[in-house]
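# sequence unknown, structure follows:
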């Protein structure tokens, strides 16, 4: 077990390093930040001074080494656009993204779990078809389009909810649904198949034979075990959230990390871009690794 | 069981139903007719796009900017689904967009599928350190946030069909490799493979003649299941300005272009999004159906 955890951790660190090299190299290949900062009338001296300030006079490998050394201590350099630490820029955006993710996660659990259980317990009935249709719909809807259509319907046509931005509770409803939709569909499918499997197992049959009520069998015996299944797909769910956050925040002008990533790319803000992408990668890897380890702990068969 | 009058309802509910209607219903339930028809229409539209689309998808007429669909009283019969801000026919752009989506999906599947299958068979067949090494690379492609990497790549190598297809292929062969490797691991222990080896067949021959046909089913099922998510990924990247460059009529791009006008000219955004939704829906449905029919072991979700 210990060896497994160590291998996973070492691997996660290697992937993070490889990604950081890749992104750093790409960011520098995309252009000189001085072309963004200085006008064409800048003198040679100004050009060189800025070069020294940003460390651009050194070879790329050295620049990467210096950047990585500082990044490890939490210093991601200065944003070229905002001329203040990238770390500050990122920190300001974190709460918005976390709150949005929490809203979306709540939505997907509230919709996905009951529908999944229902369509497994009432297999082959209208409920089951409705649940499965919802799941297929959810996985086929383009998230950006869903967001725009929700805005059109609930914010423009019937003026119930705000179109975009962050504010009161009202502001959370549409973005949470947009981001949570795909996950709700995923959770529904996972819970449904896990419930079907558990409901067919020997111990559930035994519980039934012993005369436990249907409700007891479903919720006490089957549901608890079926809840383990979504854990395996924790990585997939997270992947959907990272991709979804970028899209959802763009559609709803939500001041979070996903929008920051897109903005830094369109603004050629290289240092911010590198920082955000690295942060996303590290979080992504950390949760994936945690899920792997947790799952290996619960089910020793999957260790390799 | 003898049939008495009292038994009829029971017998009906248990035995196979007869008659034309129930048979037709069974046929409809067993075969994915509607999604199949949707995919067929899509493929035909993509191939015959230049001949069946009523207008040039790239040439607009500013005099006709933002015309509503035909059923609106201001609509015109020549523009069934209306026109966009530049006065281009929305239906024609959607038909040509089908082409783009299918080109992207088929190129990515062919390259990603070929590389993925080759890597999967080699890793599974040789095992050991080579397997370990190849699978770690696969893990790598599946462990990074693809969308963000794609955004960064696109600012360096400008938007183009080639860059988009390469990106999608690089991040999609891994899924093939994993499944094919697992399949190869079980196939290589079969007797017929051992016999082939005893007969003196070369490793290359065993892999191509004995393992490859065995993984074909899996390959087809995985490919079909991937089409939907590939088309979705392409549309997301195009929407964010990191996919197909304008003025090419890609569905995701059309949604992005109509977004600013959605409160009035909703049709510019609505129909391309609907096209993405229906296509991905039909593809996913077919994929699920194929998997259940030909490769139920793959069923995990």
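Nice, thanks for sending it over. Nothing here was measured: the structure is a model prediction, and the numbers come from that model.

# got any ranges where chain A has weak pLDDT?
A:31, A:33, A:36-40, A:54, A:228-236, A:239, A:298-304 (pLDDT under 70).

# burial of the closest residue to residue A:94 other than its chain neighbours, as a residue count?
Sequence neighbours aside, residue A:257 is the residue nearest to residue A:94 in space, at 6.6 Å (criterion: CB to CB, 6 or more residues apart in numbering or on different chains). (Each C-beta comes from the backbone N, C-alpha and C, glycine too.) Residue A:257 sits with 26 neighbouring residues when counted by other CB atoms under 10 Å in any protein chain shown.

# mind checking how far the residue in the stretch 51-200 of chain A positioned nearest to chain B is from residue B:85?
Residue of the stretch 51-200 of chain A nearest chain B, by CB to the nearest CB: residue A:145 (3.3 Å). In this structure, residue A:145 and residue B:85 are 18 Å apart, going by CB to CB, to the nearest Å.

# which one of those two has more residues nearby?
residue A:145 (28 against 15).

# Now do the contacts for the nearest residue to that one once chain neighbours are set aside.
Distances taken as CB to CB, 6+ apart put residue B:273 closest to residue A:145, at 3.3 Å, once the chain neighbours are dropped. Contact partners of residue B:273, counting by CB atoms under 8 Å, 6 or more residues apart in numbering or on different chains, are A:142, A:145, A:148-149, B:251, B:255.

# Which pair of those residues spans the longest distance?
A:149 and B:251 (14.4 Å; CB to CB).

# ok, and the most crowded of the contacts of residue B:273?
Neighbour max across those (other CB under 10 Å) = residue B:251, 30 neighbours.

# So which bits of stretch B:49-64 are buried?
Under the neighbour-count criterion of 16 or more other CB atoms under 10 Å in any protein chain shown, stretch B:49-64 has B:49, B:53, B:55, B:57, B:60, B:64 buried.

# so the last one touches residue B:86, yeah?
No - between residue B:64 and residue B:86 there is no contact, the gap being 9.5 Å when judged by CB atoms under 8 Å.

# Any stretches of the stretch 1-150 of chain B with poor pLDDT?
Ranges of the stretch 1-150 of chain B meeting pLDDT under 70: B:1-18.

# Could you list the contact residues of it toward chain A?
Contacts of the stretch 1-150 of chain B with chain A, taken as CB under 8 Å from any CB of the partner chain, map to B:136, B:139-140, B:143-149.

# Is it possible to mark the buried ones in these?
Looks like these have B:139, B:143-149 buried, using 16+ other CB under 10 Å.

# By residue count, which helix of chain A is the longest?
Longest helix in chain A, counting residues (DSSP state H): helix A:86-121.

# Could you tell me which residues within the helix or strand just after that helix count as buried?
Heading C-terminal from helix A:86-121, the first helix or strand you meet, by DSSP states H and E, is helix A:126-140. Applying a neighbour-count criterion of 16+ other CB under 10 Å, the buried positions in helix A:126-140 are A:128, A:131-132, A:134-136, A:138-140.

# and the residue of chain B nearest chain A?
Counting by CB to the nearest CB, chain B gets nearest chain A through residue B:273, at 3.3 Å.

# Tell me how far that residue lies from residue A:215.
41 Å.

# rewinding a little: which of the buried residues of helix A:126-140 are close to chain B?
Within these, those near chain B by CB under 8 Å from any CB are A:136, A:139-140.

# Cross-check the contact I'm expecting between residue B:177 and residue B:119.
Yes - Residue B:177 is within contact range of residue B:119, at 4.6 Å (criterion: CB under 8 Å).

# Overlap in contacts, those two.
Contacts common to residue B:177 and residue B:119, judged by CB under 8 Å, 6+ apart, are B:134, B:138.

# okay, those two: which has more neighbours?
Set residue B:177 next to residue B:119 and count neighbours by other CB under 10 Å: residue B:177 wins out with 26 against 22.

# Need the pLDDT of the more buried one.
For residue B:177, the model assigns a pLDDT of 91.

# so which strand or helix has it?
helix B:173-187.

# likewise residue B:58?
Counting by DSSP H and E, residue B:58 is found in no helix or strand.

# Quick one: residues contacting it.
Counted by CB under 8 Å, 6+ apart, residue B:58 has contacts B:88, B:247, B:249.

# chain center to stretch A:151-162: distance?
How far stretch A:151-162 lies from its chain's middle: 26 Å, per CA atoms, centre = their mean, to the nearest Å.

# List the buried residues in it.
A:151-152, A:154-155, A:161-162.

# rewinding a little: what pLDDT, on average, does the helix or strand harbouring the residue nearest to residue A:145 get?
Assigned by DSSP H and E, residue B:273 belongs to helix B:267-294. In this model, helix B:267-294 has a mean pLDDT of 89.

# which residues of the stretch 201-304 of chain A fall in helices?
Assignment of helices within the stretch 201-304 of chain A using DSSP state H, counting those that start in this stretch yields the ranges A:202-209, A:214-216, A:224-226, A:229-232, A:234-251, A:257-266, A:270-298.

# Chain B contacts on the stretch 151-300 of chain A?
Residues of the stretch 151-300 of chain A lying near chain B (CB under 8 Å from any CB): A:151-152, A:156, A:186, A:189-190, A:193, A:233, A:239, A:242-243, A:246-247, A:250-251, A:261-262, A:265-266, A:268, A:273, A:276-277, A:280-281, A:284-285, A:288.

# swap that for the stretch 1-150 of chain A, sorry
So far as CB under 8 Å from any CB goes, the stretch 1-150 of chain A lies against chain B at A:11-12, A:15, A:18-19, A:22-23, A:26-27, A:29-30, A:136-137, A:139-145, A:148-149.

# tally of neighbours for residue B:68?
19.

# Give me the angle between the longest helix seen in chain B and helix B:173-187.
For chain B, the longest helix by residue count, based on DSSP H, is helix B:90-126. Helix B:90-126 and helix B:173-187 are oriented at 40 degrees to each other (axes from the mean of the first three to the mean of the last three CA atoms, to 10 degrees).

# and helix B:90-126, what other elements does it pack with?
helix B:33-47, helix B:49-52, helix B:128-143, helix B:161-170, helix B:173-187, helix B:212-239, helix B:251-258, helix B:267-294 (3 or more CB pairs under 8 Å, 6 or more residues apart in numbering or on different chains; DSSP states H and E).

# Single out the most deeply packed of those.
Of all the helices and strands packed on helix B:90-126, helix B:251-258 carries the top mean neighbour count, a mean of 26, counting by mean count of other CB atoms under 10 Å in any protein chain shown.

# got a list of contacts for it?
Outside helix B:251-258, the residues that touch it by CB under 8 Å, 6+ apart are A:142, A:144-145, A:148, B:84-85, B:90, B:93-94, B:97, B:100-101, B:234-241, B:243-244, B:246, B:265, B:267-269, B:272-273, B:275-276.

# I am finished for the moment; much appreciated.
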